[in-house]
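Asker: Kindly generate the corresponding structure for this input.
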Amino acid sequence: MKNGILILILLSFSAVSFSQNGESINSIKQLTDSIGVIMKQENITGLMLGITTKDSVLFSGGFGYSDLNTRRNVNESTLFRMGSITKMFVSLGIMKLVNEGKLKLDDELKKIAPEVPFQNKWESTTPVRIIHLLEHTSAFDDIKLNRMYSLDTSENIGIDMMLVHKNSMICRWKPGERFAYSNPNYAILGYIIEKISGKPYNQYLIENILIPLGMINSNFNLRSKHPQKDVKEYIIRNGKTIPVRSVTLLSGPPGALWSNADDMVRFVQLFLRNGDSLFSPNTITEIEAAHSSLAARSGQKNGYSLGNDNTFFGYSKFPFRGHGGLTGTCYSSCKYNRELGIGFVLASNSNNNNYRIEELMVSYFEQNITAKNLPLQSLNKKAIEPFLGRYQFESPRNEISSFSDKFQNAPKIYLKNDRLYFKPLIGEPSELLQTGLMTFAFRGMNMPLICFAKNDQNKNVMLIGGTYYEQTSNFWAMLRRVVLIIALIFSLSSFILGIASFIGLIIGKLSWQHLIPRVIPMIGVGLLVWAVLNLLEVQNYTYKLAELNTINFRTMIIFLGTSVFGIASIVSLFFSTRMFIKQKKRWFAYYFLLTSLSLFFIAAILWQNDWIGLRTWAL
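Answerer: Residues are numbered from 1 along each chain as shown. This next block holds a predicted model:
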């Protein structure tokens, strides 16, 4: 089906309308007007947008401001930070070396670059390979919190851009088993490009990809170096737009690209044209196919491939593939569908995720297209029977937050009325439809995203787009969570205990001697909450990750808050056990003991996950 031509006709002359906010959209002009409405609703400062078919650029330009102070508008030449879209270029650079016979995807990292200081206890039987780095199946931890950005202008180049992430290069499971997104993978790949080509990775990519594509304005700068072209960055807080400093990336290959609408539509066309004259159609097919994970080997083809993800817009008529990015406060997106022959790129400069704009555009593209039928087959109840039950998420992206990720992700698979269902820990169940031997799609989705298989230990696992879940005991899984929730409730109740104790002191019913043991839990929990809130602040405004590099007010709050909580849990348990027998009010004796045990239980979990005395500057 030649949908590329059909899409072009629809976009340019369509008489069919799509409704957004009650208004019909039947032209590019109306589409961009609707985007402007969303920008105003979500306080997006500036937006770059490019829309293209394989033959024609339908829109290249921008909206809003790249610099509020000078009232400089965003246009087709304004340079935005593309973030992790950079990985698509690094992947192409690696594939060029492969096509030239200088590298193989199955080459072992240890043999190609023995100076890379990674650790893999399975190396003798399951070595880390180039393909694992490309597909994020190396089992490495993601970038450490203090190794992403800097507030100064120092830049890591050459081998240093890889070595800055050496603390993340520890395999947490067998390489090639699970997908877990890890930026250090691409820092290593950038270094490999340099080692094999003999040129800095950015020079190699400029000469072999950017210049041939006509992307003459794009660059791989670790920080803003073109103040008249680069966007200024902003955050939106309480409805106000606040300018923030542009941070310096510590490593380029994971996310250093700056580009504009004119250049990026050329890049999207490379894929829509099946590689154009730069790469063969076979190379593009290779890039878009998942190879190395257990999911891929078990028949699940939807997931992250070679710097390219095909799980976007799963509930639209057609899936899209490509990559997203976030650097500083710039969210970016590069998405395309070769079957439809359409693609787009966008980026904003004010910490907005732009999901509404992306969904609006995809809906517009598909407005007169018949949805692609997903091939289904009858449910094989006999085959799925052993895989029913509770599953535990076991492929966290960041090891430091793994206990939280695992706590939240424990879905259940069950049969009801001869239908198969997926039930998350919190939320409504979704029906699963069988598409292959052991592959399934959520009802309403345009792709099979779930696969059931056995790992090397013959244990039942569930793979969702490559992410990895192991079958576990429903009883123990739920018991652990119930105990933790109860512990959290008792710990938070320490605020009530502390306030009540202070009131008792003021009115003369409690002495200072009896006050101190009662307020220790509140002090410990309060400081821990303060520390966590500071980490959440960094997570919400990611440019603030640069603050975690040094000893400062924020990092000391995190260090002292987590340290004092650990100490308070021990001291509180000491006092509660001493007071238990002497306390005349038995209900209070039991309450205080349970509260202290709860603090100690939570502290033990935090200690196990390196959160007690968390020194972010030393990760």
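Asker: Could you pull out the buried residues of stretch 359-374?
Answerer: The neighbour-count check on stretch 359-374 (16 or more other CB atoms under 10 Å) flags L360, M361, V362, S363, Y364, F365, E366, Q367, I369 as buried. For the C-beta atoms, the positions are set from N, CA and C on the backbone; glycine is no exception.
Asker: okay, it in PDB with CA atoms only?
Answerer: Provided in PDB are the C-alpha atoms of stretch 359-374 (Å, rounded to 0.1, in the frame of the first residue of the first chain):
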ATOM      1  CA  GLU A 359      -0.800  12.900  19.800                       C
ATOM      2  CA  LEU A 360      -2.500  15.700  17.900                       C
ATOM      3  CA  MET A 361      -0.100  15.300  15.000                       C
ATOM      4  CA  VAL A 362      -0.400  11.500  14.800                       C
ATOM      5  CA  SER A 363      -4.200  11.700  14.900                       C
ATOM      6  CA  TYR A 364      -4.100  14.200  12.100                       C
ATOM      7  CA  PHE A 365      -1.800  12.100  10.000                       C
ATOM      8  CA  GLU A 366      -4.000   9.000  10.400                       C
ATOM      9  CA  GLN A 367      -7.400  10.700  10.000                       C
ATOM     10  CA  ASN A 368      -8.300   9.100   6.700                       C
ATOM     11  CA  ILE A 369      -6.200   5.900   7.100                       C
ATOM     12  CA  THR A 370      -7.700   2.500   7.800                       C
ATOM     13  CA  ALA A 371      -6.100   1.000  10.900                       C
ATOM     14  CA  LYS A 372      -3.700  -1.900  10.200                       C
ATOM     15  CA  ASN A 373      -5.200  -5.100  11.400                       C
ATOM     16  CA  LEU A 374      -3.200  -6.900  14.100                       C
END
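Asker: chain center to it, what's the gap?
Answerer: Computed by CA atoms, centre = their mean, to the nearest Å, the chain-centroid distance of stretch 359-374 equals 26 Å.
Asker: Report the rounded mean pLDDT for that stretch.
Answerer: With pLDDT averaged residue by residue, stretch 359-374 scores 88.
Asker: Repeat that for stretch 334-343.
Answerer: Per-region confidence: stretch 334-343 scores 95 on mean pLDDT.
Asker: Over to stretch 595-611?
Answerer: Mean pLDDT, computed over stretch 595-611, is 96.
Asker: Run the chain-centre distance for that stretch.
Answerer: 27 Å.
Asker: swap in stretch 503-523?
Answerer: Relative to the mean C-alpha coordinate of its chain, stretch 503-523 is positioned 45 Å out (CA atoms, centre = their mean).
Asker: which residues touch that stretch?
Answerer: Identification of contacts with stretch 503-523 by CB atoms under 8 Å, 6 or more residues apart in numbering yields 491, 494-495, 497-499, 501-502, 564, 568, 571-572, 575-576, 579, 592, 595-596, 599.
Asker: Mind doing that once more with 10 Å?
Answerer: 490-502, 526, 564-565, 567-576, 578-579, 588, 592, 595-596, 598-599 (CB atoms under 10 Å, 6 or more residues apart in numbering).
Asker: Touching, G307 and L134? I think so.
Answerer: Yes: with contact defined as CB atoms under 10 Å, G307 reaches L134; the gap is 6.2 Å.
Asker: Touching both of these two, which residues are there?
Answerer: With CB under 10 Å, 6+ apart, G307 and L134 have common neighbours K87, V90, S91, I94, M95, N185, Y186, L189, I287.
Asker: how about the strands of the stretch 1-150 of the chain, start to end?
Answerer: Taking DSSP state E, counting those that start in this stretch as the criterion, the stretch 1-150 of the chain contains strands spanning 18-20, 23-25, 46-53, 57-67, 72-73, 80-81, 149-150.
Asker: which residues touch the residue nearest the centre of the chain?
Answerer: Centrality entry for the chain: nearest residue to the mean C-alpha point is Y181, 7.0 Å, by CA atoms, centre = their mean. Contact analysis of Y181 by CB under 10 Å, 6+ apart lists S84, K87, H136, D142, I143, Y304, D309, S395, R397, N398, G466, T467.
Asker: and what of Y355?
Answerer: Y355 sits in contact with I38, E42, Y331, S333, where contact means CB under 10 Å, 6+ apart.
Asker: Tell me how far it lies from S348.
Answerer: Distance, Y355 to S348, by CB to CB, to the nearest Å: 11 Å.
Asker: Residues that sit against both of the two, list them.
Answerer: Residues touching both Y355 and S348 by CB under 10 Å, 6+ apart: E42, Y331, S333.
Asker: and the nearest residue to H226 once chain neighbours are set aside, bridged to which residues?
Answerer: The spatial neighbour of H226 that comes closest, neighbours along the chain excluded (CB to CB, 6 or more residues apart in numbering), is L79 at 6.3 Å. Per DSSP bridges, the residues bridged to L79 are D230.
Asker: and L79, how many neighbours does it have?
Answerer: By the criterion of other CB atoms under 10 Å, L79 has 25 neighbours.
Asker: Report pLDDT for it.
Answerer: At L79, the model reports a pLDDT of 98.
Asker: Same check on the one 3 residues further on?
Answerer: Listed pLDDT for M82 reads 97.
Asker: so how far is E288 from it?
Answerer: Applying CB to CB to M82 and E288 gives a distance of 19 Å.
Asker: Pull the contacting residues for S598.
Answerer: The neighbourhood of S598, defined by CB under 10 Å, 6+ apart, consists of 483-484, 486-494, 521, 525, 569, 572-573.
Asker: What distance do you get for it to R481?
Answerer: 14 Å.
Asker: Check L593 too.
Answerer: 22 Å.
Asker: now swap in R245 and tell me
Answerer: Taking CB to CB, one finds R245 at 41 Å from R481.
Asker: Please apply the same query to L374.
Answerer: 34 Å.
Asker: The stretch 251-400 of the chain: strands as residue ranges?
Answerer: Per DSSP E, counting those that start in this stretch, the stretch 251-400 of the chain carries strands over the ranges 258-259, 309-312, 320-327, 330-337, 342-348, 389-393.
Asker: Return the residues in contact with S168.
Answerer: So S168 contacts 118, 138, 140-144, 147, 182-185, 187, 398-399, 619 (CB under 10 Å, 6+ apart).
Asker: how about a cut-off of 6 Å?
Answerer: F140, D141, K144, P184 (CB atoms under 6 Å, 6 or more residues apart in numbering).
Asker: which stretches of the stretch 151-300 of the chain form helices?
Answerer: Applying DSSP state H, counting those that start in this stretch to the stretch 151-300 of the chain gives helices spanning 160-163, 184-197, 201-205, 211-213, 261-272, 281-287, 294-297.
Asker: ugh, typo on my part, it should be the stretch 351-500 of the chain
Answerer: Using DSSP H, counting those that start in this stretch, the helices found in the stretch 351-500 of the chain span residues 355-365, 381-384, 402-408, 474-492, 494-506.
Asker: how many degrees apart are the fourth one and helix 494-506 in direction?
Answerer: Spelled out, that is helix 474-492. 30 degrees (axes from the mean of the first three to the mean of the last three CA atoms, to 10 degrees).
Asker: Name the residues of helix 474-492 that come out as buried.
Answerer: Across helix 474-492, burial judged by 16+ other CB under 10 Å covers A477, R480, L484, A487, F490, S491.
Asker: Thanks a lot, see you next time.
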